[in-house]
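# got a predicted structure here, sequence first:
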Amino acid sequence: MHRPTRSSSRPNREPTSGPAPLGRRELLAYTAAFGPAFLAAQGLLRGDDDNDGPAKADSSKAAKRYDMKKSINLWAFPYPQQMSLADCLHLAKDAGFDAVEINFALEGEFSAESTPEQIEAVGALARKVDIAISGICSFLYWPYSLTANDPERRKKGLALARQMIAAAEQLGTDNLLVVPGAVYIPWIEGIEPVANDVCDRRAREAIGQLLPDAEKAGVTLNIENIFANGYLYSPQEMIEFVDSFQSPHVRVHFDTGNIMQYQFPEHWIAMLGERIKNVHFKEWDKRTHEFNLNTFRTLLDGTTNWPAVMEALEQTGYDGYLTFEYFHPFQHYPQALVYQASDALDWMLGRKA
């Protein structure tokens, strides 16, 4: 008698219609690494499972146009290592920017060692290129913090800030970004932290000393929200600080990226309202948890809700500059970053559909 083999004694199985579903643990690991939207595009996650993903765009609606203007900070250029200031201005103009934000350095073409004539020459160059200067920014607020424990550093910081006020007047811009102080400076090793109450007192004293110079020059001290400096953590604190000076020459330079690790720019904007005098657009991705200057991203490559940000800015009546701030020029083809940022801003502003 024929005996069936072991394999033939098993019941026949119909072929499945697809691969076995991924286990929950494996699916969560892929989602954490690549994001739900990416997995959905690969057919590994159903669209209705993506409850935490980005809102889906409604392509049937025409893009809303905004009256704000495009600007770019010079840190996005390989300046001065590979490009001159003139090169940067011409590139920004060709890429479609309305303005540039220039950085006041310790030495160089636009710096503490520049003569009034040299600073005026920078303004003349911008006019020749037909591009505006949206404001002045500076890294010097960190090594020469207005609230440092070292009195010589504070003294130097005040002197540099006064030079910046004078430079802004000479350039014809009324926007000067100011970092009023820091409890902590995470990117500079060896700097002694400042007690919170001491930082607050020194910051108010410093702005109070600079204010008469700013008012006389017609320049606005725009206080930037930093978050990583351990000071002015909330919009309520920023409002109280700015309003305490009771002057139209103390306003806010609002930065979208600096608070994105734990907060949301559209919420700040609604509360700060007309106090906002100038704006930095920095992209951030909440899937990145470490905070340093390397974690900022190119515009639109992150989790910032840009439509909500634009709408919130319009609701405040803001029609000034949106300045792309980025600290890492592309190693190869650095022009690409400038054109890419300009294109992204065009989408935000409703200039493309």
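Okay, I see it. Everything quoted here is computed from the prediction, not taken from an experiment.

# break down the protein into its helices, ranges please.
With DSSP state H, the ranges of helices along the chain come out as 24-34, 36-41, 85-94, 116-129, 151-171, 196-217, 235-243, 265-272, 306-316, 335-348.

# show me the one of those helices that comes nearest Arg287.
Each of the helices of the chain has some distance to Arg287 by C-beta to C-beta; the shortest is helix 24-34, at 8.1 Å. (C-beta placed from N, C-alpha, C; glycine too.)

# and the closest one, what's its mean pLDDT?
Here the mean pLDDT over helix 24-34 is 63, rounded to a whole number.

# mind checking how far the residue most central in space within the chain is from Asn225?
In the chain, the C-alpha nearest the mean C-alpha coordinate belongs to Lys282, at 2.5 Å (C-alpha atoms, centre = their mean). As for Lys282, its distance to Asn225 is 11 Å (criterion: C-beta to C-beta, to the nearest Å).

# which residues are common contacts for the two?
Common contacts of Lys282 and Asn225 (C-beta atoms under 8 Å, 6 or more residues apart in numbering): 255, 258.

# re earlier: now the residue nearest to the centre of the chain: how far from Ala105?
Taking C-beta to C-beta as the measure, Lys282 falls 20 Å from Ala105.

# same check on Thr220?
With the distance defined as C-beta to C-beta, Thr220 ends up 21 Å from Ala105.

# which one's more surrounded, the two?
Thr220 (26 against 17; other C-beta atoms under 10 Å).

# contacting residues for the more buried one?
With contact taken as C-beta under 8 Å, 6+ apart, Thr220 is in contact with 174-176, 214, 248-251, 277.

# mind listing which of those are in strands?
175-176, 250-251, 277 (DSSP state E).

# neighbours of the closest residue to Leu171 other than its chain neighbours, how many?
Spatially, and ignoring its direct neighbours in sequence, Leu171 is nearest to Gly123 (4.4 Å; C-beta to C-beta, 6 or more residues apart in numbering). Per other C-beta under 10 Å, the neighbour tally for Gly123 reads 16.

# hmm, Gly123 is touching Ile133, no?
Yes: counting by C-beta atoms under 8 Å, Ile133 is a contact partner of Gly123 at 7.0 Å.

# mutual contacts of the two, please.
Contact criterion C-beta under 8 Å, 6+ apart; residues bridging Gly123 and Ile133 by contacting each: 171-172.
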